[in-house]
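Undergrad: coordinates only, sequence not included:
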């Protein structure tokens, strides 16, 4: 069992704090990120601050958890990672990860995903995690595949991006201790 679930070699995962407002505002309002979400309007600072202040950081009451991905060397936030659609009865949740474009390709996403999986399986005792990834998002498909996620489905024409529909791969990772 991990001695510190949320601490890696390069990054650590921590709860959202009020000082993260500007980072969240920039990431949530980046139109390049909207393609993968279901949101259709920008977020105001006010709405994001309300989220930060009302979030209890308890996955069982919030049914989700957002963690900031921070670089250990200087505490700089490089991204976010979430468990959403948490269903305690079935012990499952969806994973979403976003690394700021300036920090991609440096191994931060892989380590953050590994840390979150360890936390979800070893501490929260989840049975499975899953993610939806657009078929043409090769970087994300590679990230999840190299992290033990397996393709379990294909959702045809699932995303509408501009005037084009895209297929989405459903990826799952089962708790390795329960297999």
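TA: Thanks, I have the structure now. Predicted model, so just to flag it, every value in this text is computed and none were measured.
Undergrad: thought residue 139 was touching residue 104?
TA: Yes. Counting by Cβ atoms under 8 Å, residue 139 touches residue 104, with 7.5 Å between them. For the C-beta atoms, the positions are set from N, CA and C on the backbone; glycine is no exception.
Undergrad: distance check, residue 86 against residue 157.
TA: Separation of residue 86 from residue 157 (Cβ to Cβ, to the nearest Å): 27 Å.
Undergrad: sec struct for residue 84, please.
TA: Classification of residue 84 using DSSP: H, G, I helix; E, B strand; the rest coil returns strand.
Undergrad: isn't it right up against residue 94?
TA: Yes. Residue 84 is within contact range of residue 94, at 5.0 Å (criterion: Cβ under 8 Å).
Undergrad: specify the beta-bridge partners of residue 161.
TA: In this entry, residue 161 is beta-bridged to residue 164, by DSSP bridges.
Undergrad: that one: neighbour count?
TA: 12 (other Cβ atoms under 10 Å).
Undergrad: check residue 136 too.
TA: Neighbour tally, residue 136, other Cβ under 10 Å: 10.
Undergrad: so how far is residue 50 from it?
TA: Residue 136 is 34 Å from residue 50, by Cβ to Cβ.
Undergrad: cool, and residue 149?
TA: 33 Å.
Undergrad: the more surrounded of those two?
TA: residue 149 (24 against 11).
Undergrad: quick check, the more buried one in contact with residue 171.
TA: Yes. Using Cβ under 8 Å, residue 149 is in contact with residue 171, at 4.0 Å.
Undergrad: overlap in contacts, the two.
TA: Residues touching both residue 149 and residue 171 (Cβ atoms under 8 Å, 6 or more residues apart in numbering): 130, 131.
Undergrad: any idea where the helices of this protein begin and end?
TA: For the chain, the helices defined by DSSP state H cover 21-28, 31-34, 45-54, 59-62, 108-118, 138-146.
Undergrad: what's in contact with the last one?
TA: With Cβ under 8 Å, 6+ apart as the contact definition, helix 138-146 has outside contacts at 97, 104, 109, 110, 113, 131, 133, 134, 135, 169, 171, 173.
Undergrad: among those, which lie within strands?
TA: Using DSSP state E, 97, 131, 133, 134, 169, 171, 173 are the members of those that sit in strands.
Undergrad: the residues you listed: which two are farthest apart?
TA: Using Cβ to Cβ, those reach their maximum pairwise distance at 134 and 173, which is 18.4 Å.
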